[in-house]
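**Student:** requesting a structural model of the entry that follows:
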Amino acid sequence: SFFIDHGTGTVIGETAVIGSNVKIYQGVTLGALSFPRDACGALVKGAKRHPTIEDDVTIYANATILGDITIGRGTTIGSNVWIKESVLPNTLVTIGEPEIRKREIRNFR
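**Tutor:** This next block holds a predicted model:
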């Protein structure tokens, strides 16, 4: 079983796999990067293209996890993180505080 708190804006892709005791907060996306194609360029239907979330993972608000990757057991994904690579078990993934830049607007009317 898994728990979605404040599920507004949460997207869980068709081939995503979610383990036990997973907590997902608002605005999380478990999405695909693209549809796989065969040698002729035709879309391959039924291929796994969304993440696997192992047991005991917490994913905080607005995190985006894309592709057929694995988020390892016991991992915590912080808010607003963008992930396209697998994450090892028992890992904390966060982003630093974004820098706010201010500058004068010239020739403004």
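**Student:** check what pLDDT the residue nearest the centre of the chain gets.
**Tutor:** Note on the chain: the residue nearest the mean C-alpha position is residue 65, at 1.7 Å, using CA atoms, centre = their mean. Residue 65 is assigned 99 on the pLDDT scale.
**Student:** isn't it right up against residue 31?
**Tutor:** Yes. Using CB atoms under 8 Å, residue 65 and residue 31 qualify as a contacting pair, with a distance of 7.3 Å. For glycine as for every other residue, the C-beta is placed from the backbone atoms N, C-alpha and C.
**Student:** list the contacts of the residue nearest to residue 60 when sequence neighbours are not counted.
**Tutor:** Closest residue to residue 60 apart from its sequence neighbours, by CB to CB, 6 or more residues apart in numbering: residue 79 at 4.4 Å. Going by CB atoms under 8 Å, 6 or more residues apart in numbering, residue 79 touches 25, 60, 61, 62, 63.
**Student:** any idea how far residue 79 lies from residue 98?
**Tutor:** Look at residue 79 and residue 98: by CB to CB, to the nearest Å, they are 12 Å apart.
**Student:** same question, residue 73
**Tutor:** 29 Å.
**Student:** between those two, which one's more packed in?
**Tutor:** Higher neighbour count among residue 73 and residue 98: residue 73, with 18 against 7, using other CB atoms under 10 Å.
**Student:** for that one, which residues are in contact?
**Tutor:** So residue 73 contacts 19, 54, 55, 56, 57, 89, 90 (CB under 8 Å, 6+ apart).
**Student:** likewise residue 69?
**Tutor:** 51, 52, 83, 84, 85, 86, 87.
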